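Asks: fold the stuff below for me.
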Amino acid sequence: MHVVLAGGGTAGHIEPALALADALRRQDPTVGITALGTERGLETRLVPERGYALELIPAVPLPRKPTPELITVPGRLRGTIKAAEQILERNKADCVVGFGGYVALPGYLAAKRAGVPIVVHEANARPGLANKIGSRYAHGVAVSTPDSKLRGARYVGIPLRRSIATLNRAALRAEARAAFGLSPNLPTLLVSGGSQGARRLNEVVQQVVPHLQRAGVQILHAVGPKNELPHVEQMPGMPPYLPVPYVDRMDLAYAAADMMLCRAGAMTVAELSAVGLPAAYVPLPIGNGEQRLNAQPVVKAGGGLLVDDAELTPEWIQGNVLPVLTDPQQLTAMSRAAAEFGRPDADELLVGMVYEAIASRREG
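Replies: So this is what the prediction gives:
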């Protein structure tokens, strides 16, 4: 069996694809896996690091919405589709699984021409153009949110790394806090604006740190590798404030934390829900509003708070985040609500859909 994964560009497309690859290999170590990518995407680093084959096709950027530019896409795609089709034929592909982004659409169209079954996975609440088109030809459509508008969608969640999907925060808490140099017993706020950080979150958090410390809260703050680390003078007897450029063990960070302040990317929401970590979500104020849509279901379920970027202030954190952090009962209730919304088995559910697609072709 050979599965081709089409999910290049950003980590939000690549990480779910790699989590599916890991799940396929756990089920059948002999399965062949090839990832499609382009020279400009993060996949050129992430896919080989995880030990999977990567084949590159030319990048054809897609408009996010139907525009006059859309009519030029088929012509620009022609060579890319042919290149993808050759990769499917060379690897005797049994299924193409697409996750959106530049490489997904040529992957879908090549699979359609080659008669290879298609499975689509959409991580965002608002689907992108590639997945809207791919879903028309797909045997199965998997989505991350229960109220997706994609036709024939099945709610499975987002495939996650096993270190996250199987994380027992309570069991790992003491080890995690020791690893970061945090106090073992104090309420702990984790702050991160994603892999690159978020200047807005950084600025507000640095203003509110003294108030949180005086209330007995310690803070682990990933500021982002390109952002300047704040100068910190630890006050004797006060809870620690630990700014770091980057956290490479998010499983430990999640285990150390009682609550998180973060953006609302689809992967972030899925990971926090899977591990049962409540969060104050601050959706990115640019784009098409998908980050707010990503966070709304878990917030509605009681597993988090939601605040507009413009309304995030030190006073808002003091009035909304601090009361949760200092109330163990409320923390427990929000953690439970987040965990009930989470889908830690999304990778295995998606494996099942891949097998269904392959079986349908063989039966046909």
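Asks: buried sites along stretch 189-206?
Replies: Judged by neighbour count using 16 or more other Cβ atoms under 10 Å, the buried positions of stretch 189-206 are 189-195, 197-198, 200-202, 204-206. To be clear about C-beta, it is placed using only N, CA and C from the backbone, and glycine gets the same treatment.
Asks: let me fix that: stretch 204-221
Replies: Judged by neighbour count using 16+ other Cβ under 10 Å, the buried positions of stretch 204-221 are Val204, Val205, Gln206, Val208, Val209, Leu212, Gln213, Val217, Gln218, Ile219, Leu220, His221.
Asks: remind me which residues of the stretch 51-200 of the chain are low pLDDT?
Replies: Segments of the stretch 51-200 of the chain classed as low confidence (criterion: pLDDT under 70) are 61-74, 195-197.
Asks: now the strands for it?
Replies: In the stretch 51-200 of the chain, the segments counted as strands under DSSP state E, counting those that start in this stretch are 53-56, 95-98, 118-122, 140-143, 153-155, 188-192.
Asks: picking that back up, helices - which of the buried residues of stretch 189-206 land there?
Replies: Cross-referencing the buried residues of stretch 189-206 with the helices (criterion: DSSP state H) gives Arg200, Leu201, Asn202, Val204, Val205, Gln206 as the overlap.
Asks: Throw those residues into CSV and include distance to Ile33, thanks.
Replies: Listed next are those as CSV, based on distance: Cβ to Cβ, whole Å:
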residue, distance to Ile33
Arg200, 38
Leu201, 36
Asn202, 38
Val204, 42
Val205, 40
Gln206, 43
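Asks: just those residues now: which is nearest Glu89?
Replies: The shortest distance between Glu89 and any of those, using Cβ to Cβ, involves Leu201 and amounts to 47.1 Å.
Asks: ok, the closest one - contacts?
Replies: Val191, Ser192, Gly193, Leu261, Cys262, Arg263, Val282, Leu312 (Cβ atoms under 8 Å, 6 or more residues apart in numbering).
Asks: pLDDT at it, what is it?
Replies: In this model, Leu201 is scored at 93, pLDDT.
Asks: then Val232?
Replies: 73.
Asks: now it, nearest residue through space, not along the chain?
Replies: Leaving aside its sequence neighbours, Val232 sits nearest to Tyr241 (Cβ to Cβ, 6 or more residues apart in numbering; 5.8 Å).
Asks: also Lys112?
Replies: Tyr137 (4.9 Å).
Asks: now do Val205
Replies: Leaving aside its chain neighbours, Val205 sits nearest to Val191 (5.2 Å; criterion: Cβ to Cβ, 6+ apart).
Asks: pretty sure Tyr102 sits against Leu56.
Replies: No: with contacts counted by Cβ atoms under 8 Å, Tyr102 stays clear of Leu56, the gap being 11.1 Å.
Asks: these two: which has the busier surroundings?
Replies: Between Tyr102 and Leu56, counted using other Cβ atoms under 10 Å, the more crowded position is Tyr102 (26 against 18).
Asks: that older thread, ok, the contacts of Leu201 vs Pro323, which is closest?
Replies: Distance from Pro323 was checked for each of the contacts of Leu201 by Cβ to Cβ. The minimum falls on Leu261, at 14.1 Å.
Asks: how is this protein carved up into domains?
Replies: For the chain, the domain assignment from automatic domain parsing gives the residue ranges 2-160+344-363, 163-341.
Asks: which of the contacts of Leu201 lies closest to Leu172?
Replies: Nearest to Leu172 out of the contacts of Leu201 is Ser192 (Cβ to Cβ; 18.0 Å).
Asks: so the closest one touches Val244, yeah?
Replies: No: under the contact definition of Cβ under 8 Å, Ser192 does not touch Val244, with a separation of 9.7 Å.
Asks: quick one: common contacting residues for these two?
Replies: Contact criterion Cβ under 8 Å, 6+ apart; residues bridging Ser192 and Val244 by contacting each: His221, Ala222.
Asks: send me stretch 252-267 as PDB with only the CA atoms.
Replies: Backbone C-alpha positions of stretch 252-267 (Å, rounded to 0.1, in the frame of the first residue of the first chain) are rendered in PDB as follows:
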ATOM      1  CA  LEU A 252       6.100  19.600  28.800                       C
ATOM      2  CA  ALA A 253       4.800  23.200  28.600                       C
ATOM      3  CA  TYR A 254       1.200  22.000  28.400                       C
ATOM      4  CA  ALA A 255       1.800  19.700  31.400                       C
ATOM      5  CA  ALA A 256       3.300  22.500  33.400                       C
ATOM      6  CA  ALA A 257       0.500  24.900  32.700                       C
ATOM      7  CA  ASP A 258      -2.900  25.400  34.300                       C
ATOM      8  CA  MET A 259      -4.100  27.800  31.600                       C
ATOM      9  CA  MET A 260      -2.700  29.300  28.400                       C
ATOM     10  CA  LEU A 261      -2.900  32.700  26.700                       C
ATOM     11  CA  CYS A 262      -2.500  32.200  22.900                       C
ATOM     12  CA  ARG A 263      -3.700  32.800  19.400                       C
ATOM     13  CA  ALA A 264      -6.400  30.500  18.000                       C
ATOM     14  CA  GLY A 265      -4.800  28.700  15.100                       C
ATOM     15  CA  ALA A 266      -6.500  25.400  14.300                       C
ATOM     16  CA  MET A 267      -3.600  23.300  15.600                       C
END
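Asks: what comes up buried for that stretch?
Replies: Going by 16+ other Cβ under 10 Å, stretch 252-267 has these buried residues: 252-267.
Asks: can you pull up the most central residue in the protein?
Replies: Met267 (1.5 Å; Cα atoms, centre = their mean).
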